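> below: sequence and its predicted model.
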Amino acid sequence: MNKWSDNRAWWLVLPVVLIVAFSAVIPLMTVVNYAFQDTFGNNEFYWAGIEWFQEVLRSDRFHGALGRQFLFSFIILSIEIPLGIAIALAMPKKGLWVPFCLILMALPLLIPWNVVGTIWQIFGRIDIGLLGATLDGLGIEYNYTQNALDAWVTLIVMDVWHWTSLVVLLCYAGLQSIPDAYYQAARIDGASKWATFRFIQLPKMNRVLLIAVLLRFMDSFMIYTEPFVVTGGGPGNATTFLSIDLVQMAIGQFDLGPAAAMSLVYFLIILLFSWVFFTVMSYLDRAES
Amino acid sequence: MAKIELNGLAHSYMPHIQEPQDFALKELNHVWEDGGAYALLGPSGCGKTTLLNIISGLLKPTHGEILFDGEAVTNKATEDRNIAQVFQFPVVYDTMTVYDNLAFPLRNRGVGASEIDGRVREIAELLEMSDTLKHKASGLTADAKQKISLGRGLVRADVSAILFDEPLTVIDPHLKWQLRSQLKHLHKRFNYTMVYVTHDQTEALTFADKVVVMYDGAVVQMGTPEELFERPKHTFVGYFIGSPGMNVVPCHIDGKQAMVAGHAFAMEQGLSNIPAGASLEVGIRPEFLSLTREGTGPTVSIQKVEDLGRFKVASVRLEDHEFKVMVNEEDEVPADGARLVVDPTHVNLYANSHLVEEA
């Protein structure tokens, strides 16, 4: 068949281009504009070049927030992924308990983020919170508003509480898709529980795990609402992650230029890491098949 | 290798059993000899796989017990029964190489590395997979994957029995034949006890010394291919084995003859032991019927003749009953005035679908 081309077909994508431009490209361009310009009010702007980028990339404040951000994402990934797999493995495969477990797992995911933050903010208080008061009653010193470590622990436990379910549900779906014959063959072959996990379950889950790692990395890297509600970035700036820092700079201090530059850097970091994750994991996936 | 005894074995998938029909596998007692090749033959849903899974321990029977060489294994887990099983669809460990796949059952049982190497290479040689040993198992074709599954079943030298659950379903026809002969060859060489589930009669008859025909959860006959062919114990066996299947038509008995639609069929067996009040049928294989213009046989009308190459199958009508008659390639089918000739030594009598045997 001959290739038949009619460039008028491009008009068909016009609506999408317009919608995307209106909702994403143009707003992003204003951020790009701010990032390269300076203003002293009156809606007058001056070209600033890459000055803001230099400032952001050299500032200790940005380095600190970025470091905390990586540490946070690393910790929650290294807890939520293994824990999620373990819970998915422990869940019943069939029977009356399946819907019960699934609903239980889905619950934390359905709670609005600021509500999650509020729940934990109150839960952890020493005066009226169940957790805080209990720990205090047991004689354990715990105060997330004053102790940086306590604040971190609180945020990490909260994130694990909120998001492990997502990993569980994805892994569970992956596990459910394994035909019974595989488990039967493993029993015939005398495989141990570990060997069954290592050679049947894990390989069959690796696609959903890729999605789980990507989603949890991106989400945790952009976390804002919950730490903002619980600690507000404190004590000091101990839990000031990138997005909290960004909002403080943009809206609190109204430093539009540096904030815009930081937004772009932030965006590129997430893009870069997601791309690296995806490439590495899909490479591993392909190497296996 | 082991002798397998099934004592009063029955299984139901339902938690509350109310009637006999609730049993997917009805009570059966059998002894399968050490080193025998058995085929479980029957249509889908007749309980073949259920029986196989009970033997391997993947299912626990509702009633009865299983003995391997006289030792009760009913309550033993699959992994402690020392049994190999190959499934209908290939199961390979995707992340492993072909070599590791074949070595897996041995490694799990703590066999020494040099012995593993010897066994794996031997089996790979038999399956003609020696040059793919280093490949990842996941990239292979369905054929090759199923060969790996077979190989994992065969690699253990000391198994009590090897069970095959329609293992050649996904294999190309020409390879099917080849693999089946390889299995037969292996059976002769190592004297494995083999149980082979299939719904394909050719496969069962060529593979097994003894064929176990199952129908609706029960074993209706166990016997050599010849026995199944000549003396089917149940009309189902008659229909199911042979191509075309046995002609089964209602009759009544008059002295030493079976009467079909007013015509007498001479018989030589089964007349002395007819249960009273049973509904009777005669069963005659198409191979033991012939057509001729002479003689005294009943006149039949020819409905159609199918030419199948080495022979022809004529469908003929006698009153309301249709018979299939096998005619040799070189023989003529009389167009009209054909008479049906019956070989009396091969006429079987059935009472309520079960063969009437001499007392």
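Right, received. Where do you want to start?
> in stretch B:261-271, which residues are buried?
Within stretch B:261-271, the residues that qualify as buried are B:263-265, B:267, B:269-270, counting by 16 or more other CB atoms under 10 Å in any protein chain shown. C-beta coordinates here come from the backbone N, C-alpha and C atoms, glycine included.
> what does stretch B:175-190 give?
Per 16+ other CB under 10 Å, stretch B:175-190 contains these buried residues: B:176, B:179-180, B:182-183, B:186-187.
> what's around whatever residue of the stretch 1-150 of chain A ends up closest to chain B, how many residues?
Of the residues in the stretch 1-150 of chain A, the one nearest chain B is A:Gly95, at a distance of 12.1 Å by CB to the nearest CB. Around A:Gly95 sit 9 other residues, with neighbours defined as other CB atoms under 10 Å in any protein chain shown.
> that one: which element?
When elements are assigned from DSSP states H and E, A:Gly95 belongs to no helix and no strand.
> follow-up on the earlier one: just send the buried residues of stretch B:175-190 back as CSV, with secondary structure too.
Formatted as CSV, these follow (DSSP: H, G, I helix; E, B strand; the rest coil):
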residue, secondary structure
B:Lys176, helix
B:Leu179, helix
B:Arg180, helix
B:Gln182, helix
B:Leu183, helix
B:Leu186, helix
B:His187, helix
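> so which residues on the stretch 101-250 of chain A come close to chain B?
Those residues of the stretch 101-250 of chain A that sit near chain B, judged by CB under 8 Å from any CB of the partner chain, are A:179, A:181-182, A:184-185, A:187-192, A:195, A:199-200, A:203-204.
> now the phi/psi pair for the residue of the stretch 1-150 of chain A closest to chain B, please.
phi 110, psi -180 (degrees, to the nearest 10).
> separation between it and B:Ser12?
When CB to CB, to the nearest Å is the yardstick, A:Gly95 and B:Ser12 sit 18 Å from each other.
> just the buried positions in stretch B:123-139, please.
Along stretch B:123-139, the positions that meet the burial threshold by neighbour count (16+ other CB under 10 Å) are B:123-124, B:126-127, B:129, B:132-133, B:136-137.
> now do the buried residues in stretch A:274-284.
Buried residues in stretch A:274-284, counted by 16+ other CB under 10 Å: A:274, A:281.
> check stretch A:90-108 too.
By neighbour count on 16+ other CB under 10 Å, the buried set for stretch A:90-108 is A:91, A:101, A:105, A:108.
> got a pLDDT number for the last one?
It stands for A:Pro108. Per-residue pLDDT puts A:Pro108 at 90.
> what do you get for A:Ser289?
53.
> interface residues of the stretch 151-300 of chain B facing chain A?
Within reach of chain A by CB under 8 Å from any CB, the stretch 151-300 of chain B has these residues: B:152-153.
> tell me where the stretch 151-300 of chain B has helices.
For the stretch 151-300 of chain B, the helices defined by DSSP state H, counting those that start in this stretch occupy B:173-190, B:201-207, B:225-230, B:235-240.
> OK, contacts around residue 133?
In the absence of a named chain, this looks at chain A. A:125-127 (CB atoms under 8 Å, 6 or more residues apart in numbering or on different chains).
> if you could check chain B rather than the one you did, that'd help
For B:Leu133, the contact set (CB under 8 Å, 6+ apart) comprises B:97-99, B:102, B:120-121, B:124.
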